[in-house]
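>>> Mind looking at a prediction? Sequence and model below.
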Amino acid sequence: MSLEQLPEELASSIEDAHSERTVSSHRRVWTGRVFALDEDEVRVTSAGGPVLRQYLAHPGAVGIVAVRGAAGAEQILLERQYRHPARAELWEIPAGLLDVEGEDPLDAAKRELREEADLEAARWDVLVDYFTSPGGSSESIRVFLARDLSETETPFERLDEEADFVQAWVALDEAVSAVLAGRLHNPSTVSGVLAAAAARGRDWATLRATDSAWLR
């Protein structure tokens with residue numbers, strides 16, 4: 001059976017979209033502090049029968065590429081944090097869970113920037129959206145671009161692993177080089193750095209409004 005091919009004239013308009021499938025059974029296998037494990041029997045194709053799919057049910061998250069510096073010499077904020085599942089200290093952009101019911105994603109991003117970096121931003125835009133692992137998790141992340149930064153009046157008290165944060169302002173060009181050299185691995189950092197560099201290369205014309213549609 002040959003694969004269906006999208007006509008070339010339509011290739012420039014491709015776009016992800018929600019698509020419903022028949023779920024014959026659903027159960028929550030386990031519930032944790034941050035996410036849960038769900039199990040569905042779902043008919044993924046019109047010709048086949050139901051198949052079993054297990055996945056993490058996740059509330060989603062936001063990330064922030066905080067930028068300072070003159071045009072062409074921009075720096076971004078990175079934080080070194082220990083991530084136990086990876087057994088590694090990773091350099092990451094500020095980020096946080098959407099675990100406050102009803103909280104607007106932009107408000108969550110502002111909160112995380114204050115709590116993790118003692119910073120506020122006067123200018124916010126949407127940089128990039130993505131699913132972290134769509135084959136096994138519902139987690140969707142929106143990465144914001146934060147500019148016109150200023151320090152908060154009162155530093156935030158950090159606990160647990162956040163108490164050991166190490167921060168660094170890194171030239172955007174150097175951060176791109178670090179991603180391409182395999183020196184950075186956090187997906188929000190990789191996506192955010194490359195998206196910021198691409199947006200800057202187009203004079204920031206690709207940035208979206210903070211309330212733009214989000215597939216999640």
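Okay, I see it. Numbering: from 1, shown residues only.

>>> Which residue ranges of this structure form helices?
105-117, 172-180, 187-201 (DSSP state H).

>>> Can you say which of the ones you listed is nearest to residue 89?
helix 187-201 (12.8 Å; Cβ to Cβ). Any C-beta I mention is one placed from the backbone N, CA and C, and that applies to glycine too.

>>> What residues sit buried inside that closest one?
Going by neighbour count (16 or more other Cβ atoms under 10 Å), the buried part of helix 187-201 is 187-197, 199-200.

>>> Identify each buried residue in stretch 130-149, please.
Within stretch 130-149, judged by 16+ other Cβ under 10 Å, the buried ones are 130-132, 138-147, 149.

>>> out of the residues you listed, what pair is the most spread apart?
Farthest pair in those, by Cβ to Cβ: 138 and 149, 31.9 Å.

>>> Poorly predicted segments of the chain, please.
Across the chain, the ranges flagged by pLDDT under 70 are 1, 158-163.

>>> most centrally placed residue in it?
residue 141 (3.2 Å; Cα atoms, centre = their mean).

>>> Look up the closest residue to it, ignoring the ones flanking it.
residue 61 (4.9 Å; Cβ to Cβ, 6 or more residues apart in numbering).

>>> The one you found and residue 137, how far apart?
11 Å (Cβ to Cβ, to the nearest Å).

>>> ok, which stretches of this protein are strands?
22-31, 36-43, 51-57, 61-68, 75-83, 88-92, 95-97, 119-131, 140-151, 166-171 (DSSP state E).

>>> This completes my enquiry, with thanks.
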